[in-house]
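Asker: Test case, fold it:
(one chain, ligands or ions: 1)
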Amino acid sequence: MAVLQTETPSWKTDDLVLFEEEIAKFFTRELAPHVEDWRDKGCVDRWAWNKAGEAGLLCMSMPEEYGGAGGHFGHEQVFIEQQCMAGVEGFGAALHNCIVAPYILHYGTEEQKKRWLPRMASGELVGAIAMSEPGTGSDLQAVRTTALKDGNQYVLNGQKTFITNGQTANLIIVVCKTDPKEGAKGVSLMIVETDEVEGFERGRNLKKLGNKAQDTSELFFTDVKIPTENLLGTEEGQGFFQLMEQLPQERHQIAVQGMAGIERAIQLTIDYTKEREAFGRPVMSFQNTQFKLAECKAKATMARVFVDYCTGQLIEGKLDAVTASMSKMLISDLENEIIDECLQLFGGYGYMDEYPISRMYADARVQRIYGGTNEIMKLLIARSL
Ligand SMILES: Cc1cc2nc3c(=O)[nH]c(=O)nc-3n(C[C@H](O)[C@H](O)[C@H](O)COP(=O)(O)OP(=O)(O)OC[C@H]3O[C@@H](n4cnc5c(N)ncnc54)[C@H](O)[C@@H]3O)c2cc1C
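Answerer: Have a look, this model is predicted:
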């Protein structure tokens, strides 16, 4: 991107650069005009998912045989970056594409992949993952939702909260205990197709500090009967290990979102401070503005090199959990720092909701919390010392 002076990473092929332009057009033309409406409703319209599916932009990193585009994480990264640059808040496709679909691809049986992935790629199914509960977030081994076997079905009971896409999703990966006496070894991942079950209820669409167009919900499961074929994989008790294995990608995609926010914030601030005058001269002409933006650009350039390095590692299957934790922690912290500095340079306008920098400030805060808090990232990194 123009604001930084880094080389195009080797994974970003010419084809992908061309594709980036198409994705940018899709977000700018098709979705961006509806963001205000979605912010008012607290939820992105369902048609947006179908539209993205029709445009071939869902599950791009899934193999073609399962309805995807046969791409890799680089395709998802470009998608996330262009969504951010177009200011399309709230559309939870990164979670659908980079978190939910990969669980099915990596752990699903052939039958499960064929059953769910093509419908996720078309937008017929919208994905969510329900780990957090009112009583536990960071400590996933302590989940209390249970799925107990009864003949050829499981009976699911429990409550989840803070679930992204929770009002829209009709395919939810539920983290639950198939053996409540066990800790990690008792955890399994159950796929719930919400259109096909009874006893599932969506609770409140939670009011939040930021991400106003994103639905974040409570979910309730009361004696929900799930066929045994909906256990992800073939064996009970694998859920915790499946979660751990997928963490590098989940954490790194949060860093990618953060990086896009950093670059957009700097670009918006350069444009604004060149335009805005104080004391008869552009705000950019003050040395403080130049120094602040110089610092932001230098830090962002360093961060971009690290993010693209991690993406390259991820595509090659080499991104380890510790490095991914560093990526999530460092980039989300930096995102908050840089957006704060940028907002200051907008003066009072930076505090006004109609200015994107104000929304970005509020939206960025959660990046240090979800996907494992930054304190949990430090624990994981510390274990490697
Ligand atoms: C907008 C939003 C969207 C979300 N989307 C989803 C989703 O789609 N699916 C989902 O399952 N969850 C989701 N979450 C939940 C999110 O992942 C959790 O909020 C997060 O993991 C923290 O859990 P908690 O809120 O229970 O905090 P707690 O675990 O109660 O932590 C409270 C504080 O204690 C600290 N802490 C906890 N343990 C330790 C420790 N061992 N050492 C040091 N400090 C510690 C934490 O860092 C934090 O500062 C979302 C949350 C938000 C806000």
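Asker: Would you map the helices across the stretch 151-300 of the chain?
Answerer: Chain-ordered helices for the stretch 151-300 of the chain, with DSSP state H, counting those that start in this stretch as the definition, fall at 239-275, 287-315.
Asker: most packed of those?
Answerer: Burial of the helices of the stretch 151-300 of the chain is given as mean neighbour count (mean count of other C-beta atoms under 10 Å); helix 239-275 ranks first at a mean of 22. From N, CA and C alone the C-beta is placed, and that goes for glycine too.
Asker: can you list the residues of the stretch 101-250 of the chain near the ligand?
Answerer: 129-132, 137-138, 162-164, 208, 211, 216 (C-beta under 6 Å from any ligand atom).
Asker: nearest to residue 144, of the helices of the stretch 151-300 of the chain?
Answerer: helix 239-275 (14.0 Å; C-beta to C-beta).
Asker: Nearest to the ligand: which residue in this protein?
Answerer: Scanning the chain for the residue nearest the ligand gives residue 137, at 2.0 Å (criterion: C-beta to the nearest ligand atom).
Asker: just to revisit the earlier point, and the helices of the stretch 151-300 of the chain as JSON lines, adding mean pLDDT?
Answerer: Supplementary listing: the helices of the stretch 151-300 of the chain in JSON lines, determined by pLDDT from 0 to 100:
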{"stretch": "helix 239-275", "mean pLDDT": "96"}
{"stretch": "helix 287-315", "mean pLDDT": "98"}
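Asker: Dump these into JSON lines; add distance to residue 117 as well.
Answerer: Below are these laid out as JSON lines (distance: least, C-beta to C-beta, whole Å):
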{"stretch": "helix 239-275", "distance to residue 117": "15"}
{"stretch": "helix 287-315", "distance to residue 117": "19"}
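Asker: For residue 7, which of those is the nearest?
Answerer: Proximity to residue 7, assessed across the helices of the stretch 151-300 of the chain by C-beta to C-beta, is greatest for helix 287-315 (8.8 Å).
Asker: From the chain's centroid, how far away is the closest one?
Answerer: Offset of helix 287-315 from its chain centre (C-alpha atoms, centre = their mean, to the nearest Å): 20 Å.
Asker: Show me what that helix packs onto, helices and strands only.
Answerer: Contacts of helix 287-315 with other secondary structure elements, assessed using 3 or more C-beta pairs under 8 Å, 6 or more residues apart in numbering; DSSP states H and E, are made with helix 73-85, helix 239-275, helix 321-345.
Asker: The longest one: how far from the chain's middle?
Answerer: Using C-alpha atoms, centre = their mean, the distance from the centre of helix 239-275 to the centre of the chain it belongs to is 9 Å.
Asker: which residues sit against the worst-scoring helix or strand of the chain on mean pLDDT?
Answerer: Taking mean pLDDT, DSSP states H and E as the measure, helix 14-25 is the helix or strand of the chain with the lowest mean score, a mean of 94. For helix 14-25, contacts defined as C-beta atoms under 8 Å, 6 or more residues apart in numbering pick out 8, 57, 74-75, 78-79, 81-82, 85-86.
Asker: What residues sit buried inside the next helix or strand after it?
Answerer: Beyond helix 14-25 in the direction of the C-terminus, DSSP states H and E gives the next helix or strand as helix 35-41. Counting neighbours by 16 or more other C-beta atoms under 10 Å, one finds that the buried residues in helix 35-41 are 35, 38-39, 41.
Asker: hmm, what's the outermost residue in this structure?
Answerer: Farthest-out residue of the chain from its mean C-alpha position, per C-alpha atoms, centre = their mean: residue 280, at 43.1 Å.
Asker: and that one, what does it touch?
Answerer: For residue 280, the contact set (C-beta under 8 Å, 6+ apart) is empty.
Asker: Can you check what pLDDT the model gives it?
Answerer: pLDDT, residue 280: 98.
Asker: so what's the backbone phi/psi at it?
Answerer: Here the main-chain torsion angles of residue 280 (degrees, to the nearest 10) amount to phi 80, psi 10.
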